[in-house]
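Student: quick one: sequence and predicted model below, then my questions.
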Amino acid sequence: MKHTKKTLGKIFVVGSLFVVTYGATQQAALAAVVDYTACVRNLTLPTTNTSNSAALGQVSMWGFATTSGTANCMGLRLPKVPGNQIELGVGDTLNLTLDMMMSPLENAPPPSPNYNGHTIHLHGADVDAANDGVPETSKAILSGSYKYVWNTTLAPNTSSPIGSFMYHCHVHTVKHLEMGMYGAILVRPKNALGATITNQITTDSTSRFDNEQTYVVSAVDPNYHTVVGDSPVFADYNPKYFLLNGTEGTSITSPASAAVLLNVGTGKKVALHLVDPLSIYGTFSIKDAAGKPQQFIVYVEDGRAIDPVPTSANSVTSLEIGPGKRFDIIFTTPTTSGTLYPQIEFKNPRGETITLKNADGAITGNAMVYGQVTF
Amino acid sequence: MLNLLKTSLIFLAALVLFGCSQSPTPANNTYSISGAVLNEVDNPLANIKVTLNNAATSATLATTLSDKDGNYSFTGLANGSYTVNADLTIYSLTVLSPPAVIINGASKARINCVGRPPRSPTPTATPSPSTTSVPTPTPTTTPTATPTTTPTVTPTPTVKPSPTPSPTPTPTPTATPTPVPTVTPSPVPSGTRNFDLHVKSGILIINDKNGVALASIPAWGFSPGTGFPKVISTAQFPAPAITVTEGDTVNITVYNDHTVNHNFVIKGIQTNSAANAEITPGMSKMYTFTAAANSAGTYLYYDSLNNEVNREMGLYGALIVRPKDGSNTAFAGAPAFTFERTWVVGDMDAVRWNAVADANAQRAVPANPPPVTTAIYKPNYFVINGKGGFDAMKAPTPLIPNDTSIVGTVGESALVRIVNGGLFSQALHFHANHVQVLSKNGEHYIRPFKLVDVIDVAPLSTVEVLFELNQVGEYPMHNHTAQMETANGVYLGGVATKIQIDPKPLP
């Protein structure tokens, strides 16, 4: 019985990938099973923030190496911060297997809890405790592998998940999230035939877009990376590096790395999937080089479509993002060519703008990260 | 262990009678009744004598004392009908509706005894000519034959001092003794509600997993107490939730039992006293307002003095206005809830702020020491209802209103009222389900309510969300900001609590 199920799963995976690649018109299974495997690996994040001369260099991270399919982690897999995006259609079942082979562990010495092992929490998926990845209510995975299942049709998902979610480790989150164990999950709408729609945020056709980009917004406090266990260091968060999809982008002349940059046509609709896994508040906006803000529409918040469907009357020019939040938005590029800079100005939980300081303690500017969209 | 046969004294405590005192089936003396003794603003009352009576004969079967959290329990009980009463004479309170409990094959938890002050003759149900212009319904239809009304704030007609010749209907025993509160809400008559709060200094204790103190933080709190003499000697965290009903005239008297000036502000509610009027040490001030029509909701009260220091020290609490129609809703038009929780969240910088401010206050007279350097704020303790996460995650049986845990069965829904008295935003992440956002800072949203899994509650903000319990299991609710999940770096010692969803009981 089990074997049959597995085979079915593989068939469905092929179907699902097919749809993603070739678009919504293809025939697809109504409810596919989508397999992914995640491994945990050490990696080093180069930091280039020249305004932070005090701590230039490298930060040790733990990244997810995430691939579609059911393969194990035998081969060395390339970890990334954030981990690769996971995609599924609404109605699908996600099987996300955490393979612990060769995973770095926290190993905190006593008397602190050791916080060994890892889990995957499907943030926003509202799955049952066994699949929720919370060690305190189920278990941490110390070795072997564990399959986290999210059936998007089961209660309490009857209000239809859509848009951006995330996966992250839920062991000693203070440490493990900061170490880089996070990635985005994108749930796409389906059409009446059950085919995944790859150019809309929701089932409503007004959320159609021409181009899209996922923005995982995060930060690094290097102090959190060198301590383990229950340490007072974790009570004082002082992020120094501000990341968009794992790279810094401190000014419009030095936006986040090429992987984040989009090149689209004029008058195009661009969807951005904003994902904020860490302890970071900020104001998101899209501005031109002169600082003039661009309007955009929020279609989804925290994986639920805004109801009623927003229209241009609901356009905004800024959006407050915060820890654990996700938003799926669309903006339209102007009709004459140019460049826009989606950007986040970071704040602390007290609502104060985070400033950058040089080695002498003098303020050199505000903590920002910039993307770039040319058209 | 209580010996049930030791029925020495006979008390005529309970008035509630139940016709069906089924002759207790002999064996199976294995059930229990437990709950908490509370005052009207939901504060646990310790060391109170609680009696268990035979519902039919009023004979006292057992007595016990409530513990420091107000909890009591009677164990070793057989099937049968009981009433529970508490002797609150030292507080000048009375349990107006001693809860009636029928044990039939299962223990009963969450049976709370709520003490209320004897009513001043104000809240008559008769259309009073002057005071309240609220159109109170004609000489009520209220006391229908429904068994026992649930212990709500409603002035029950039992101990009515005024000799109104209305045919006071003693709730006669009805055929079905199941006290299911499927009561169609009846309008609550308006009245005058008096509350006393004392500003005091105290110690806020954050415990670890084993109940051992991780920190003892000097803090200040609004504490309950009826006028003078002061009932309790130290500050209480969180400050009591003050619960009133639309149409009520509310008098809150704030006594300053402390050494520095304080004030009392209710965000979103105008009181008679100027908002920032200071109460000097040893003095008191009365704040009066009428809970306006359509003002049902959750409010934050706090001390706004001293450049946020007084608030940071713990001087804040929740004020709840219930809808006039008596319904189980946050406000007119909001979805019904099965039960509710109030979360008062905040943060403290124990070393830079609390220790300095408290030391200064202790020598405030006559010296005037330098104040806290408020430019630097690095809080290292984060609290929900005055507790760190390890205490907050415990879901004692029975739950008392100060508890934070969401505990219920599939199909129930919890209204969660959140007020943030701290200086840091609280990004509260629910596992198990999204929540419906019903209101924010007094703004009532309309259907369909927005669904989120992280509700961000900014400093001085109030939010009401509805959490529907729809899958069995145990889940966390926690702040998603890393440091705010810790107690000075000890993981899970910060803002976190438990969601426990049990299967729907068999019919």
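Tutor: Now that the structure is in, tell me what you want to look at.
Student: how many residues are close by residue 342?
Tutor: Because you didn't say which chain, this covers chain A. 27 (other CB atoms under 10 Å in any protein chain shown). Backbone N, C-alpha and C define where each C-beta goes, glycine included.
Student: nope, chain B
Tutor: Residues lying near B:Thr342 (other CB under 10 Å) number 24.
Student: name the element it belongs to?
Tutor: Secondary structure from DSSP states H and E places B:Thr342 in strand B:339-348.
Student: can you give me how far that strand is from the chain middle?
Tutor: Computed by CA atoms, centre = their mean, to the nearest Å, the chain-centroid distance of strand B:339-348 equals 11 Å.
Student: look up how far chain A lies from the closest residue in space to B:Asn307 that isn't next to it in sequence.
Tutor: Spatial nearest neighbour of B:Asn307, chain neighbours left out: B:Thr374 (5.0 Å); criterion: CB to CB, 6 or more residues apart in numbering or on different chains. To chain A, B:Thr374 is 11 Å away according to CB to the nearest CB, to the nearest Å.
Student: OK, contacts around B:Thr374?
Tutor: With contacts defined as CB atoms under 8 Å, 6 or more residues apart in numbering or on different chains, B:Thr374 is in contact with B:307-309, B:353.
Student: okay, angle between the longest strand seen in chain B and strand B:339-348 too, please.
Tutor: Ranked by residue count, the top strand of chain B under DSSP state E comes out as strand B:192-207. Relative orientation of strand B:192-207 versus strand B:339-348 (axes from the mean of the first three to the mean of the last three CA atoms, to 10 degrees): 60 degrees.
Student: quick check: what element follows strand B:192-207 along the chain?
Tutor: strand B:213-224.
Student: partners of A:Phe284 in the sheet?
Tutor: A:Leu319, A:Ile344 (DSSP bridges).
Student: for it, give its distance to chain B.
Tutor: A:Phe284 is 14 Å from chain B, by CB to the nearest CB.
Student: before we move on, the earlier item: only the buried subset of the contacts of B:Thr374, as a PyMOL command please.
Tutor: The PyMOL selection below is limited to those of those classed as buried (16 or more other CB atoms under 10 Å in any protein chain shown):
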select buried, chain B and resi 308+309+353
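Student: closest to B:Phe74 out of the contacts of B:Thr374?
Tutor: Distance to B:Phe74 across the contacts of B:Thr374 (CB to CB) is lowest for B:Trp353, with 44.9 Å.
Student: separation between the residue nearest to B:Asn307 and B:Arg352?
Tutor: Shown here: B:Thr374 relative to B:Arg352, a distance of 9 Å by CB to CB, to the nearest Å.
Student: give the pairing partners of the longest strand seen in chain A; include direction for each.
Tutor: Assignment by DSSP E gives strand A:33-47 as the longest strand of chain A. Strand pairing for strand A:33-47, determined by DSSP bridges: strand A:57-68 (antiparallel), strand A:93-99 (parallel).
Student: A:Asn114: neighbouring residues, count only.
Tutor: A:Asn114 has 15 nearby residues by other CB under 10 Å.
Student: before we move on, what about the one 3 residues further on?
Tutor: The burial count assigned to A:Gly117 is 21, neighbours taken as other CB under 10 Å.
Student: report the contact partners of the spatially closest residue to it that is not a sequence neighbour.
Tutor: Once flanking residues are discounted, A:Gly117 sits nearest to A:Ala140: 3.3 Å by CB to CB, 6+ apart. Shown in contact with A:Ala140 (CB under 8 Å, 6+ apart): A:116-119, A:171.
Student: reformat those as JSON lines; add pLDDT and secondary structure.
Tutor: Below are these laid out as JSON lines (pLDDT from 0 to 100; DSSP: H, G, I helix; E, B strand; the rest coil):
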{"residue": "A:Asn116", "pLDDT": "95", "secondary structure": "coil"}
{"residue": "A:Gly117", "pLDDT": "97", "secondary structure": "coil"}
{"residue": "A:His118", "pLDDT": "98", "secondary structure": "strand"}
{"residue": "A:Thr119", "pLDDT": "98", "secondary structure": "coil"}
{"residue": "A:Val171", "pLDDT": "98", "secondary structure": "coil"}
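Student: and the residues you listed, which is closest to chain B?
Tutor: A:Val171 (9.6 Å; CB to the nearest CB).
Student: what residues does the stretch 251-400 of chain B have near chain A?
Tutor: B:377-378, B:380 (CB under 8 Å from any CB of the partner chain).
Student: mind redoing it with 10 Å?
Tutor: When proximity is defined by CB under 10 Å from any CB of the partner chain, the stretch 251-400 of chain B lies next to chain A at B:347, B:349-350, B:377-382, B:393.
Student: low-scoring pLDDT stretches of the stretch 1-150 of chain A, where are they?
Tutor: A:1-29, A:48-56 (pLDDT under 70).
Student: so what's the residue count around the closest residue to chain B within it?
Tutor: Nearest residue of the stretch 1-150 of chain A to chain B: A:Ala129, at 3.7 Å (CB to the nearest CB). Other residues near A:Ala129 number 19, with proximity taken as other CB under 10 Å.
Student: contacting residues around it?
Tutor: Going by CB atoms under 10 Å, 6 or more residues apart in numbering or on different chains, A:Ala129 touches A:137-138, B:431-432, B:471-476, B:499, B:501.
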